[in-house]
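> I would like to see how this sequence folds:
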Amino acid sequence: MASNSTGKSVQRAATTGGGRTYRGQMPVNFYASLGIVIVIGLVLVGFSRYQLSHKTTSSAGPPTTSQTWYAALGINICGTMQPNLAASTNQKKTGLVADGNGVLTIAPKNSSESGASATLGKFVSNYKGLELTNTSIQYPGKSAYTNGKVCPKGTPDAGKAGIVIVYSWPNFTSKSGAQTPGDPQNLLFKNGQLITMAFLPANATVPKPPAAVITNLINANSAAPATPTTPTTAPTGTPTTTPPATTPPATTPPATTPPATPPPATTPPATTPPATTPPATTPPATTPPTTNAKSSATTVPATPTTTKPGGTNG
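You can find the predicted model right below:
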């Protein structure tokens, strides 16, 4: 009977796939490995999604931290060009600033503002009260406008629904501009660029910044090269001072004046002819004999003259 009982136990164990102890154990290593694979997969998926939504920009390329660019900015709301943005008050913090006359100065202070990071959105984010997205725009101190909002009464586009549009022109001579696709904050700055941030009807023509602003831009760009030109004029001045250094050779001709004095030195030979005058005085030396003749002659007549009167009296 005992052998039969043992055989039945073995048979039951074979049909169940093992004993109770084996069935009670869980494959921990398998589930742990599976869990690790799942976690790694989720991390990789999340990281790839983050990279797509947060694209990195390179700070290499212009404008660099040693360059200064200028651009003109106009803001048009419902057909009305808004006043120029006031001069930025955070110029110690950022190099992308408004000058107060419609001109933007683009002089990056660090890599976060240079190269592909020098964007319109970077400027907007540092200017208090100014907002810009692909669906909304707000001028400092005024109401925000979102896509589809109707322009209020008193504006040129009153009663018309508008959308956010950002247009740019490469320079002031460009006749046609281009609308910034997608997010307007990604618009890259260029030197001499014209930019208009607008809220207008979809079929409206976006105007350039005002003529006065464009003139200010031209003046800013004209003055910028003048700074490098200053060192250039310095070398020019140095050669100019060199000709005065040649003035000493110019004094050398006066040094030839001493040769001019030798002609006066020939004047002594001219005085030599007067030295011949002494021979001319030699003839007067013969005068004494003449004088003796006169004195003897006077002596002879003197005697007869005295005698004749005496003879007359006698």
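> now the helices for the stretch 101-250 of the chain?
Remark: helices assigned in the stretch 101-250 of the chain by DSSP state H, counting those that start in this stretch are 120-125, 211-245, 247-255.
> would you single out the least confident of the ones you listed?
Looking at these, the lowest mean pLDDT belongs to helix 247-255 (a mean of 46).
> quick check: Ser168 vs Thr215, distance?
From Ser168 across to Thr215, the span is 19 Å (Cβ to Cβ, to the nearest Å). The C-beta positions use only the backbone N, C-alpha and C, and glycine is treated the same way.
> tell me which of these two has more neighbours.
Just comparing Ser168 and Thr215: by other Cβ atoms under 10 Å the higher neighbour count belongs to Ser168, 24 against 15.
> nearest residue to the more buried one in space, please, no chain neighbours.
Ile195 (4.9 Å; Cβ to Cβ, 6 or more residues apart in numbering).
> over to Ala198?
Asn76 (4.2 Å).
> quick check: mean pLDDT of whatever helix or strand that neighbour lives in?
Per DSSP states H and E, Asn76 falls inside strand 69-77. Taken as a whole, strand 69-77 carries a mean pLDDT of 98.
> use 262 as the first number from now on
Right, with 262 as the first residue, what we last looked at is strand 330-338.
> just the strands in this protein please.
Ranges of strands in the chain, per DSSP state E, are 330-338, 341-342, 357-359, 364-367, 392-393, 397-399, 405-407, 424-430, 439-440, 454-461.
> the third one packs against which elements?
Using 3 or more Cβ pairs under 8 Å, 6 or more residues apart in numbering; DSSP states H and E as the contact criterion, the neighbours of strand 357-359 among helices and strands are strand 364-367, helix 381-386.
> will you turn these into a markdown table that also has distance to Ala333 and mean neighbour count?
Shown next, in a markdown table, are the helices and strands packed on strand 357-359 (distance: least, Cβ to Cβ, whole Å; neighbours: other Cβ atoms under 10 Å):
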| stretch | distance to Ala333 | mean neighbour count |
| --- | --- | --- |
| strand 364-367 | 6 | 22 |
| helix 381-386 | 12 | 20 |
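> what is the least confident helix or strand in this protein?
helix 548-574 (a mean of 42; mean pLDDT, DSSP states H and E).
> flag the shaky bits of this structure, pLDDT-wise.
The chain contains residues with pLDDT under 70 at 262-287, 311-321, 486-575.
> I'd say Asn351 and Asn387 touch.
Yes: with contact defined as Cβ atoms under 8 Å, Asn351 reaches Asn387; the gap is 6.3 Å.
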